[in-house]
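S.K.: below is the structure, and that's it, no one-letter string:
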Ligand SMILES: Nc1ncnc2c1ncn2[C@@H]1O[C@H](COP(=O)(O)OP(=O)(O)OP(=O)(O)O)[C@@H](O)[C@H]1O
Ligand SMILES: [Mg+2]
């Protein structure tokens, strides 16, 4: 049974760090929009471009799962509706689906981002984070129970 792994959490939660470890351990094909957007020379805050790329990645993930390949989507998945869409897509293909939700206290996120901001890849301020925290739809226990997460 192929596995689809979704990373979920706010910036600084450690999603990409975890995704890269799982890429080796599973092993799985990792699709990380931030790396592709940056690698293509596009602004990381270009939301229409990100939406188009993620749409293509979802199609690619469906093909890979169909061929039995394990996939990690490092999208962050802030919206419940989008998580539901991916879970249902994968289940329809007979795949297992894991939601790796990284819940980290706000002050710790800001601390980590202050350090990461220094590498200049992308700068996320505390003001931006405050706005993000208001729109992020954290999964609750009932939702987490819908996934195939291993202990
Ligand atoms: N478990 C951890 N404990 C402490 N620091 C961590 C941990 N995981 C990641 N970090 C550090 O926190 C920073 C953010 O990690 P990472 O880039 O993986 O987060 P992210 O969730 O992918 O963020 P974004 O949504 O912006 O892509 C990095 O500098 C990373 O080294
Ligand atoms: Mg990341």
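M.R.: Nice, thanks for sending it over. Here the structure is a predicted model, which means the values were calculated and not measured. Numbering: from 1, shown residues only. Ligands and ions are numbered 1, 2, ... in the order given.
S.K.: what sits closest to the closest residue to ligand 1 within the chain if chain neighbours are left out?
M.R.: Distances between the chain and ligand 1 by CB to the nearest ligand atom are smallest at residue 14, namely 2.9 Å. Every residue, glycine included, has its C-beta placed from N, CA and C. Among residues not flanking residue 14 along the chain, residue 102 sits closest, at 5.3 Å (CB to CB, 6 or more residues apart in numbering).
S.K.: pLDDT value on that neighbour, please?
M.R.: Note on residue 102: pLDDT of 98.
S.K.: mind showing which ranges of the chain have poor pLDDT?
M.R.: 151 (pLDDT under 70).
S.K.: same thing but at 80, please
M.R.: Applying pLDDT under 80 to the chain flags the ranges 120, 150-151.
S.K.: what ranges do the strands span in it?
M.R.: Counting by DSSP state E, the chain has strands at residues 3-8, 29-31, 71-76, 96-101.
S.K.: what is the first one packed up against?
M.R.: Counting by 3 or more CB pairs under 8 Å, 6 or more residues apart in numbering; DSSP states H and E, the packing neighbours recorded for strand 3-8 are helix 15-25, strand 71-76, helix 80-92, strand 96-101.
S.K.: okay, these in TSV with mean neighbour count next?
M.R.: Shown next, in TSV, are the helices and strands packed on strand 3-8 (neighbours: other CB atoms under 10 Å):
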stretch	mean neighbour count
helix 15-25	15
strand 71-76	24
helix 80-92	15
strand 96-101	19
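S.K.: what's the closest of the ones you listed to residue 111?
M.R.: helix 15-25 (14.9 Å; CB to CB).
S.K.: so is that closest one next to ligand 2?
M.R.: Yes: contact between helix 15-25 and ligand 2, assessed by CB under 5 Å from the ion, occurs at 15, 16.
S.K.: which strands and helices lie in contact with that helix?
M.R.: strand 3-8, strand 29-31, strand 71-76, strand 96-101.
S.K.: and the contacts of that helix?
M.R.: 5, 7-9, 28-30, 32, 34, 72, 74, 76, 100, 102 (CB atoms under 8 Å, 6 or more residues apart in numbering).
S.K.: one more: stretch 73-82?
M.R.: By CB under 8 Å, 6+ apart, stretch 73-82 touches 4-11, 15-16, 19, 30-34, 54, 57-58, 61, 83, 86, 99, 132, 135-137, 139, 143.
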